[in-house]
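Novice: Sequence and predicted model, in that order:
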Amino acid sequence: MDFMTPEGGAGLGVLYLLRAMGMTVLAGLFLCAFLDARMDGRRARLIMGAGIGAVILANIPLAFLLGSEAYMRLTPVLLNLPVFVLFGWVSRYRDGRLLFTLTTLMAETGLVTLAGMLCALPFGGRLGIDLLGRCAAALLLLWLNWRLRPLYLEMQGMLRRGWLLFSLIPLAYYVSLYVYIMLVDPGERAENLTAILVTSGMAAAAYTVIFFFFQTIRRQEQTERERQLLSTQVSALRRQQEMMARSEEKLRVHRHDMRFVLHTLTAMLERGDTAGALEYLGQSDKKLNDTVMAHYCESPVLDALLAYYAEQARSREIQVRIEIKLSRKLPADEDELCAVLANALENAIHACEALPAGTPRRIEVAAASKPHFCVEIANTCDGKAEFDRNGFPISREPGHGVGTRSIAAFFDKYQAVYSYSVGKDGMFRLRFLIARSDAGTR
């Protein structure tokens, strides 16, 4: 990772070793910023930290055994490669996304080295100035990485192709720095300064294009989610309209038959057949109840959406229980709240469908507006849910997890208090609360 190779003397050899160790620690920090682990985030960071520490400790005696010149040549294999392998083992992805992350790391560590060289150049290559330049560049890149981390992790989940092509950019930049710096004598590096700066500018421009490409993909994904939600809402409203039409037809038929029912009841009572009259009245009442539509809340769109997903679940032989007491005034945008409930209910239905045949399948929805707006959605599950450091469930299936990110954005926007959990009763639960003091129609 380090381009500047001190030459001549044990002191410089030790300095190189210390600097290489420092760059390895920095590389670990860069990797943690990009890490989308296949396990719990805290556990992954502990493994990375312990692994990097073990690699560094193992390299100290190796450096003294091999000697500075031999160790300098073998540094990429003895120090850098084990860290890369460790990151690949911890990472969720083992394809072009992993390669892009590693090549970006190489380019960034190259930038840190370049910053140290450029800062020290006017001062005759003083090592203290070089170190200060590296530290400043490292801090700036760490801040930038953590700022871009959410977008990068989101893109890793959305994009499955094109990463190998993206990887050519940091790889080409790293090779150019290697040629311009590593393969020339320290005193001649200033002659390549123009080429180095031009190459760095081109790499920065390429990464800017990638960043805007990611932003475009995110907007397209958001537009697609909104389109799907609108389609679901329209389907729900149409379905509710059809149910209303069927209910009205049943009611019309029942009104038409009411005269015959009354004549029949009168005849039974005149004959003294009270038991028969009561049984007949019960059957008539049951027919009347069939004309009643289930309503869950005062919001027509939410009401239709809940009825739609309840029907979807029941058609898949999933028991559904909905207990909702919501006022017409909601603490969040109605469409955004619909998106949250739609995503959560779709996830619940998918989780129930994934259960083995014969396993109880159940979805429960509860919500209330007072004293605060709170919602709970629960479903039976296999009990193997994993959660990230923010408490959100981790999806291992390709293409999944977008709905969870949409829910996370809603919670962040409305400062909701939320929790995901798996209870001892085998139910996966999502609970969230929005304080009424922050409420208002939006």
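Specialist: Received it, and whenever you're ready, just let me know what you need.
Novice: Need the nearest residue in space to Ala332, chain neighbours excluded.
Specialist: Tyr414 (5.3 Å; CB to CB, 6 or more residues apart in numbering). Placement of C-beta: from N, CA and C, glycine included.
Novice: can you give me phi and psi for the one you found?
Specialist: For Tyr414, the backbone dihedrals (degrees, to the nearest 10) come out as phi -100, psi 10.
Novice: Contacts only, for Ala332.
Specialist: For Ala332, the contact set (CB atoms under 8 Å, 6 or more residues apart in numbering) comprises 373, 410, 414, 434, 442.
Novice: Give me the neighbour count for the second one.
Specialist: It stands for Phe410. By other CB atoms under 10 Å, the residues close to Phe410 number 20.
Novice: Just the pLDDT at it, thanks.
Specialist: On the pLDDT scale, Phe410 is placed at 84.
Novice: Pull out the buried residues from the host helix or strand of Pro170.
Specialist: Assessed by DSSP states H and E, Pro170 sits inside helix 163-177. Within helix 163-177, the residues that count as buried by 16 or more other CB atoms under 10 Å are 163, 166-167, 169-174, 176-177.
Novice: who touches that helix?
Specialist: Contacts for helix 163-177 (CB under 8 Å, 6+ apart): 3, 95-97, 99-100, 103-104, 106-107, 110, 113-114, 195-196, 199-200, 202-203, 206-207, 210.
Novice: switch to 7 Å and redo it
Specialist: Helix 163-177 is contacted from outside by 3, 95-97, 99-100, 103-104, 106-107, 110, 114, 196, 199, 203, 206, 210, using CB atoms under 7 Å, 6 or more residues apart in numbering.
Novice: And stretch 34-44, end to end?
Specialist: One end of stretch 34-44 sits 12 Å from the other (CA to CA, to the nearest Å).
Novice: Give me the distance from that stretch to the chain's centre.
Specialist: Here stretch 34-44 is found 12 Å from its chain centre; the criterion is CA atoms, centre = their mean, to the nearest Å.
Novice: Any buried residues in it, and which?
Specialist: Buried, per 16+ other CB under 10 Å, within stretch 34-44: 34-37, 41, 44.
Novice: Report the lowest-confidence entry in those residues.
Specialist: Lowest pLDDT among these: Gly41, with 71.
Novice: coming back round to it: which of the buried residues of stretch 34-44 sit farthest apart?
Specialist: Phe34 and Gly41 (12.7 Å; CB to CB).
Novice: who touches Ser299 in this structure?
Specialist: Ser299 touches 326, 328, 330, 334, counting by CB under 7 Å, 6+ apart.
Novice: Just the buried ones from those?
Specialist: By 16+ other CB under 10 Å, these give 326, 330, 334 as buried.
Novice: List the contacts of Phe387.
Specialist: Phe387 neighbours (CB under 7 Å, 6+ apart): 393-394, 420.
Novice: Go through those and give me the one with the most neighbours.
Specialist: Ranking these using other CB under 10 Å puts Pro393 first, with 20 neighbours.
Novice: Roughly how far does that residue sit from Leu433?
Specialist: Between Pro393 and Leu433 the computed distance is 18 Å (CB to CB, to the nearest Å).
Novice: for Pro331, same thing?
Specialist: 10 Å.
Novice: of these two, who's got more company?
Specialist: Legend: neighbour count by other CB under 10 Å for Pro331 and Leu433, higher for Pro331 (21 against 16).
Novice: what about that one, distance to Ala416?
Specialist: Pro331 sits 9 Å away from Ala416, going by CB to CB.
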